[in-house]
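> Quick one, what's the 3D model for this:
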Amino acid sequence: MRERPMPPGRSAARQLTISVDVVLLTTYRGGLAVLLGRSGDVRLRERWMLPWDAPRGEESLSDAAFRAARAALGVTPGTLDQVAAFGDNRRHPGDAEVSVGFVGLVPHGERSLPSSDLAWHRQGDVPSLAPRHRAIVDAAIGAVRTRLDYAPLAFGLLPATFTLSELQGVYELLLGRSLHKASFRRALRAAALVEATDEWRSEGRGRPAQMFRYAPRRRRDSHRGVRFDLIGA
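Below is the predicted model of the structure:
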């Protein structure tokens with residue numbers, strides 16, 4: 001039997017080159033910071049980049065993102081959330097045609113890094129990045145801010161126990177604005193996200209501050225964030 005010819009204009013499907021690119025955020029020197037690695041390739045225009053890699057074999061995008069984050073941090077992050085896919089013409093350090101961005105939050109007590117080629121850069125002092133990496137960083141920070149109303153993401157930047165002032169400071173960093181102290185604490189109680197511990201810590205010349213931990217109570221609804229639309233500056 002003769003083989004049927006391919007229809008005119010049809011060619012074999014070409015496999016896309018795909019990368020997973022991870023934005024890891026922490027608190028650093030009073031601000032929000034992103035983890036970047038120094039490029040060893042002198043041919044690249046930018047000397048810094050996000051942790052990234054391509055999925056291997058049958059590896060899922062999420063597994064590849066966790067692998068890239070673990071290689072950069074030296075530990076596995078608690079969570080990574082997918083941000084978006086980027087398939088535009090903006091340049092990627094590895095010339096990937098499609099990039100899938102992920103974001104993870106790292107407690108400030110876990111900032112030690114396994115390599116001198118890795119460093120935390122404050123949000124306002126991020127060096128020049130490849131255009132697609134710059135877009136992924138901006139999208140990741142925007143996604144975290146959007147999700148704060150319904151997800152307890154801020155606790156990913158804190159140690160196991162913390163003061164309410166520290167918690168408010170983290171929310172202010174993520175939101176990029178100040179919050180009214182009394183209103184914040186009322187909204188926090190309404191969200192039922194924290195519980196007091198028996199530990200206290202001095203925070204300067206005033207009375208010691210009580211320590212809290214993340215411990216959301218079971219509720220009928222699925223709301224697990226703090227309603228920032230109810231909090232004034």
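> got the residue ranges for the helices in the protein?
Chain-ordered helices for the chain, with DSSP state H as the definition, fall at 61-73, 131-147, 164-175, 181-191.
> Go through these and name the closest to Leu105.
When the helices of the chain are compared by Cβ to Cβ, helix 131-147 sits nearest Leu105, at 7.5 Å. (Glycine included, C-beta is placed from N, CA and C.)
> Run the angle between the closest one and helix 164-175 for me.
130 degrees (axes from the mean of the first three to the mean of the last three Cα atoms, to 10 degrees).
> I'd guessed Phe155 sits against Tyr214; true?
Yes - counting by Cβ atoms under 8 Å, a contact exists between Phe155 and Tyr214, whose distance comes to 4.4 Å.
> between the two, which one's more packed in?
Neighbour tally, Phe155 and Tyr214, criterion other Cβ atoms under 10 Å: the higher count belongs to Phe155, 20 against 16.
> For that one, give me its contacts.
Neighbour list for Phe155: 167, 193, 214 [criterion: Cβ atoms under 8 Å, 6 or more residues apart in numbering].
> Dump the residues you listed to JSON lines, plus pLDDT and distance to Leu113.
Output for the contacts of Phe155, formatted as JSON lines (pLDDT from 0 to 100; distance: Cβ to Cβ, whole Å):
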{"residue": "Leu167", "pLDDT": "94", "distance to Leu113": "25"}
{"residue": "Leu193", "pLDDT": "89", "distance to Leu113": "30"}
{"residue": "Tyr214", "pLDDT": "92", "distance to Leu113": "25"}
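> Which one of the residues you listed is nearest to Ala33?
Relative to Ala33, and with distances defined as Cβ to Cβ, the nearest of the contacts of Phe155 is Leu167, at 18.2 Å.
> How many residues are close by that closest one?
Leu167 has 22 nearby residues by other Cβ under 10 Å.
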